[in-house]
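Chemist: Sequence and computational prediction follow.
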Amino acid sequence: MAAEEEMKKKKVEIFDTEEELAVSLARKLKEPPYVGSLDWSKWHVFWLDERVVPKGHPDSNYKLAFDGFLSYVPIPVENVYAINDALPAEGAAEDYENCVRQLVTKKVVPLSTITGFPAFDLMLLGMGPDGHVASLFPGHPLLNENERWVTYIKDSPKPPPERITFTFPVINSSKYIAVVVAGPGEVEAVRKVLGSGDGDGHDSLPAGMVSAEGELTWFLDKDAASKL
Ligand SMILES: O=C1O[C@H](COP(=O)(O)O)[C@@H](O)[C@H](O)[C@H]1O
């Protein structure tokens, strides 16, 4: 895709406070009046990446989502696809890919007509200070995985070391992606990925490799955007 066309699909929104960012992103969905206004039975929830730890562990992404969002909203439990925490990394990745494949067969998840990979409606991504997204870390061979839908890592530079993750072809087949960064910790990575013209190379960091088939929006607060 031409760089100009790619830029048209990428938006950056900067908010004065993290609270304003959260409202705009609709994280307030779990609170009245929004919580009562949605048909939650239509929601299907997946994890882009997960740490290989029990679901109740403080490092668990499932726990984070459950405590902060899922426990407040009536999404049917059968539509919440947590990663199997009884399996080791390799088995958990295979199991999760099979889960998504079954949902493709049942037509719950469509395939992208462009890439042939699953096309999720919305992905919500964070970014680490090193520019990683999901469990795709700078310089790691997993960045080049182009066959698997879900894979695993046993040497994550950020603890815990064992994780499973969606691959870039799946992430980049999404219809809409929101990358959310708040606070000063990621300011350098934000500058490298979104800043212009100092030769750092926008796509040398995993976050710079993110694109969407529909639209990619970066939601930043003032601190995160302070070097743009
Ligand atoms: O390890 C992870 O890191 C990224 C970014 O998280 P942050 O705590 O540095 O903001 C996150 O998006 C990913 O899901 C997670 O597993």
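Modeler: Structure's in. What do you need?

Chemist: Can you give me the neighbour number for the residue of the chain found nearest the ligand?
Modeler: Ranked by C-beta to the nearest ligand atom, the top residue of the chain for proximity to the ligand is Gly126, at 2.9 Å. To be clear about C-beta, it is placed using only N, CA and C from the backbone, and glycine gets the same treatment. Around Gly126 there are 17 other residues, counting by other C-beta atoms under 10 Å.

Chemist: Grab the nearest non-local neighbour of it.
Modeler: Leaving aside its chain neighbours, Gly126 sits nearest to Val180 (6.0 Å; criterion: C-beta to C-beta, 6 or more residues apart in numbering).

Chemist: Tell me the secondary structure of that neighbour, please.
Modeler: For Val180, the assignment made with DSSP: H, G, I helix; E, B strand; the rest coil gives strand.

Chemist: Tell me the bridge partners for it.
Modeler: Here Val180 sits in beta bridges with Phe219, as judged by DSSP bridges.

Chemist: Who are the contact partners of it?
Modeler: Taking C-beta atoms under 8 Å, 6 or more residues apart in numbering, we find Val180 in contact with Leu21, Leu25, Leu124, Leu125, Gly126, Trp218, Phe219.

Chemist: Among those, which ones are in helices?
Modeler: Those of the contacts of Val180 mapping onto helices are Leu21, per DSSP state H.

Chemist: Give me the buried entries from the contacts of Val180.
Modeler: Neighbour-count burial (16 or more other C-beta atoms under 10 Å) applied to the contacts of Val180 gives Leu21, Leu25, Leu125, Gly126, Trp218, Phe219.

Chemist: report the longest helix in the chain, please.
Modeler: When the chain is parsed with DSSP H, its longest helix is helix 89-105.

Chemist: other SSEs contacting it?
Modeler: Counting contacts by 3 or more C-beta pairs under 8 Å, 6 or more residues apart in numbering; DSSP states H and E, helix 89-105 is packed against strand 150-153, strand 163-166.

Chemist: just how off-centre is it within its chain?
Modeler: 17 Å (C-alpha atoms, centre = their mean, to the nearest Å).

Chemist: wait, does it contact the ligand?
Modeler: No. Helix 89-105 lies out of reach of the ligand by C-beta under 6 Å from any ligand atom, never closer than 13.3 Å.

Chemist: Make 36 the starting number, not 1.
Modeler: Yep, numbering from 36; the last one is helix 124-140 now.

Chemist: Please save the CA atoms from that helix in CSV.
Modeler: Provided in CSV are the C-alpha atoms of helix 124-140 (Å, rounded to 0.1, in the frame of the first residue of the first chain):
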residue,chain,number,x,y,z
ALA,A,124,2.9,-22.1,26.2
GLU,A,125,3.1,-24.2,23.0
GLY,A,126,-0.1,-26.1,23.7
ALA,A,127,-2.0,-23.0,24.8
ALA,A,128,-1.1,-21.3,21.5
GLU,A,129,-2.2,-24.3,19.5
ASP,A,130,-5.4,-24.6,21.5
TYR,A,131,-6.3,-20.9,21.1
GLU,A,132,-5.6,-21.0,17.4
ASN,A,133,-8.0,-24.0,17.2
CYS,A,134,-10.6,-22.1,19.1
VAL,A,135,-10.4,-19.2,16.6
ARG,A,136,-10.5,-21.7,13.7
GLN,A,137,-13.7,-23.3,15.1
LEU,A,138,-15.3,-19.9,15.4
VAL,A,139,-14.3,-19.2,11.8
THR,A,140,-16.0,-22.4,10.7
